[in-house]
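Visitor: the sequence isn't on hand, but the structure is:
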């Protein structure tokens, strides 16, 4: 029987879900049944969820887990009155920070993933549109306003990484696909030469690339293993010859690729 | 003097940063100087950071805050030996879960934002590419494989929301821009009629839309207030007439829009 997990929040629930999911990956052998309850902005709504939680306490073999980032004090008392194993993130963290650092929290709701500062918000949306406009080498004459330019062969992970960087860090991330023609010419493509210091390379294992391309264009020359081997070998040779820092993305998630790039390129987060 | 905050992780550091940032939004009046240290995968690296933290304890007016999702036991002992106010997320959560639920954690590193299950990973990347291929009404004959179709006037927030849904929940999110011509015709555009149950509307206040469009195309008809008023009024009338659920995005972050859509449309998360 899967263990029940409740994520409660008076905002989007993104923080509580991120934290809870991370913790639960440490219990690989257990199956979890996760339920998300964002926007619990009234005591009535909270009361209803607490009743659901208590009903599950009666029927499940083991106690359900409740993770809560609810801020409002009376709702928090309600949640903690349930029979489950409750983690109230504000009790755990905010109390000690207030007492040890002598500062008071504001107890406002929904701050963390709200719109916040409108300049930051604008920068973020601008970055997403910049990234879309500069995806796949679409506008090669306008790299001067980019923060970073990802370089690599087709389907090595450039686009999802650029979008992730734009959405999460406000990075103006362009990308340029190294075509077989670029690779034959050797050296950095001309349009990239003035922006050498912003370039970051992505590479990938040929077999993994073949799988990905095979799904995109089955049985094409583009998806042949020999083609994938030649392109990735030439791309890596180019990165080395031109001193472009690069990363092999074969076993990495988009989050991992983005974090490595942020760390290695010393890119500034815009927020 | 800004308070020093350290985010330590042996993985990407995304969880620890998300949690820490949420908590710190509760202390609006305080300025924080946040430092991120992902991939602390050796005791030597951890020791180096602990020395930095201790040096700051000597010079700063108040104790630095350290949030850590490091899993490796000896590194955690090192972190907790520092003079700062340390929150070790594994101590706080994993211990109680193990003892109260009688289950053992795996103590593996870097699981939460790693590549994980390759089917999930593939679904995610596919969703991003699906969303890009179906952005802005690009492929209007292929909505049958979409999970949701966002509908709204130009620049009301459709594209960033679709990309956020694809990256974070693996949603195949298409979008269709309501043009002034569509709105004059009245009714749902023909290509959307077979997919009525998947449509979700986005609206926006005309003044906010004007600001956004003014930056995109200054002093164009497109950016005139009267034009924005007509388009948004007609779009909302269409949503009401056709029973399309919709949301006003004017004061919402992308996370909030996405969470509301997930909640209201009962969309399934793919992971």
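Guide: Yep, that arrived. Remember, predicted model here, so these are calculated numbers, not experimental data.

Visitor: what are the structural domain limits within chain A?
Guide: If you go by automatic domain parsing, the domain ranges for chain A are A:3-101, A:118-265.

Visitor: between these, which one is nearest to residue B:71?
Guide: domain A:3-101 (7.5 Å; Cβ to Cβ). C-beta: built from backbone N, CA, C; applies to glycine.

Visitor: for the closest one, how far is the first residue from the last?
Guide: One end of domain A:3-101 to the other measures 37 Å (Cα to Cα, to the nearest Å).

Visitor: now do stretch A:146-157
Guide: By Cα to Cα, the extent of stretch A:146-157 from end to end equals 18 Å.

Visitor: and it, how far out from the chain's middle?
Guide: Centroid separation for stretch A:146-157 versus its chain: 17 Å, with Cα atoms, centre = their mean, to the nearest Å.

Visitor: and residue B:28, which of the domains of chain A is closest to it?
Guide: Across these, closest to residue B:28 is domain A:3-101 (Cβ to Cβ), at 12.8 Å.

Visitor: other SSEs contacting the one helix or strand residue A:23 maps to?
Guide: Using DSSP states H and E, residue A:23 sits within helix A:14-24. The contact analysis (3 or more Cβ pairs under 8 Å, 6 or more residues apart in numbering or on different chains; DSSP states H and E) places helix A:14-24 against strand A:3-8, strand A:32-37, strand A:65-68, helix A:89, helix B:14-24.

Visitor: list the buried residues for the next helix-or-strand element following the fourth one?
Guide: It stands for helix A:89. Using DSSP H and E, the helix or strand that follows helix A:89 in sequence is helix A:95-101. Of all the residues in helix A:95-101, those buried under the rule 16 or more other Cβ atoms under 10 Å in any protein chain shown are A:97, A:101.

Visitor: show me what helix A:95-101 is in contact with.
Guide: Residues from elsewhere that reach helix A:95-101, judged by Cβ atoms under 8 Å, 6 or more residues apart in numbering or on different chains: A:103-105, B:3, B:23, B:27, B:62-63, B:65, B:85, B:87.

Visitor: right, and the helix or strand after that helix?
Guide: Where DSSP H and E defines the elements, the next helix or strand beyond helix A:95-101 is helix A:118-133.

Visitor: what mean pLDDT does the helix or strand just after that following helix have?
Guide: Moving toward the C-terminus from helix A:118-133, the next helix or strand (DSSP H and E) is strand A:148-153. Mean per-residue pLDDT for strand A:148-153: 96.

Visitor: which SSE is residue A:237 in?
Guide: Counting by DSSP H and E, the element that carries residue A:237 is helix A:225-241.

Visitor: by contact count, what packs against whichever helix or strand comes after that helix?
Guide: Next in sequence after helix A:225-241, counting helices and strands by DSSP H and E, comes strand A:246-248. In terms of contacts (3+ Cβ pairs under 8 Å, 6+ apart), strand A:246-248 is packed against strand A:199-203, helix A:254-265.

Visitor: hang on, the earlier thing: what does the helix holding residue A:23 rub up against?
Guide: For helix A:14-24, contacts defined as Cβ under 8 Å, 6+ apart pick out A:5, A:7-9, A:30, A:32, A:34, A:36, A:65, A:67-69, A:89, A:112-113, B:14-15, B:18-19, B:22, B:69, B:89, B:93-94, B:97, B:111-113, B:255, B:259.

Visitor: what subset of the residues you listed is buried?
Guide: Taking 16+ other Cβ under 10 Å as the criterion, what is buried in those is A:5, A:7-9, A:30, A:34, A:36, A:65, A:67-69, A:89, A:112-113, B:14-15, B:18-19, B:22, B:69, B:89, B:93-94, B:97, B:111-113, B:255, B:259.

Visitor: get me the contact residues on the stretch 151-271 of chain A for chain B.
Guide: Counting by Cβ under 8 Å from any Cβ of the partner chain, the stretch 151-271 of chain A comes close to chain B at A:157, A:159-160, A:163-164, A:167, A:251-256, A:258-260, A:263.

Visitor: repeat that for 6 Å
Guide: Residues of the stretch 151-271 of chain A lying close to chain B (Cβ under 6 Å from any Cβ of the partner chain) are A:160, A:163-164, A:167, A:251, A:253, A:255-256, A:259.

Visitor: can you pick out the most distant pair from the residues you listed?
Guide: Using Cβ to Cβ, those reach their maximum pairwise distance at A:167 and A:251, which is 22.9 Å.

Visitor: of those two, who's got more company?
Guide: Higher neighbour count among residue A:167 and residue A:251: residue A:167, with 22 against 13, using other Cβ atoms under 10 Å in any protein chain shown.

Visitor: where does chain A have low pLDDT?
Guide: Within chain A, the stretches with pLDDT under 70 are A:107-118, A:141, A:270-271.

Visitor: for the nearest residue to residue A:257 once chain neighbours are set aside, helix, strand, or coil?
Guide: Leaving aside its chain neighbours, residue A:257 sits nearest to residue A:161 (4.9 Å; criterion: Cβ to Cβ, 6 or more residues apart in numbering or on different chains). Here residue A:161 is helix, with the state taken from DSSP: H, G, I helix; E, B strand; the rest coil.

Visitor: what about residue A:161, how many neighbours?
Guide: Counted by other Cβ under 10 Å, the residues lying close to residue A:161 total 30.

Visitor: in contact with it, which residues?
Guide: A:254, A:257-258 (Cβ atoms under 6 Å, 6 or more residues apart in numbering or on different chains).

Visitor: how near is it to residue A:64?
Guide: Distance from residue A:161 to residue A:64, counting by Cβ to Cβ, to the nearest Å: 37 Å.

Visitor: about what we covered before: tell me what angle the helix holding residue A:23 forms with strand A:3-8.
Guide: 160 degrees (axes from the mean of the first three to the mean of the last three Cα atoms, to 10 degrees).

Visitor: what's the span of stretch A:182-202 from first residue to last?
Guide: First residue to last in stretch A:182-202 (Cα to Cα) measures 15 Å.

Visitor: ok, and for that stretch, which residues are buried?
Guide: Within stretch A:182-202, the residues scored as buried using 16+ other Cβ under 10 Å are A:182-183, A:188-189, A:192, A:195, A:198-202.

Visitor: equivalent analysis for stretch A:261-269, please.
Guide: Buried residues in stretch A:261-269, counting neighbours by 16+ other Cβ under 10 Å, are found at A:261-262, A:265, A:267.

Visitor: what about the nearest residue to residue A:231 once chain neighbours are set aside, how many neighbours?
Guide: Nearest residue to residue A:231 in three dimensions, chain neighbours excluded: residue A:153, at 4.5 Å (Cβ to Cβ, 6+ apart). Close neighbours of residue A:153, defined as other Cβ under 10 Å, add up to 27.
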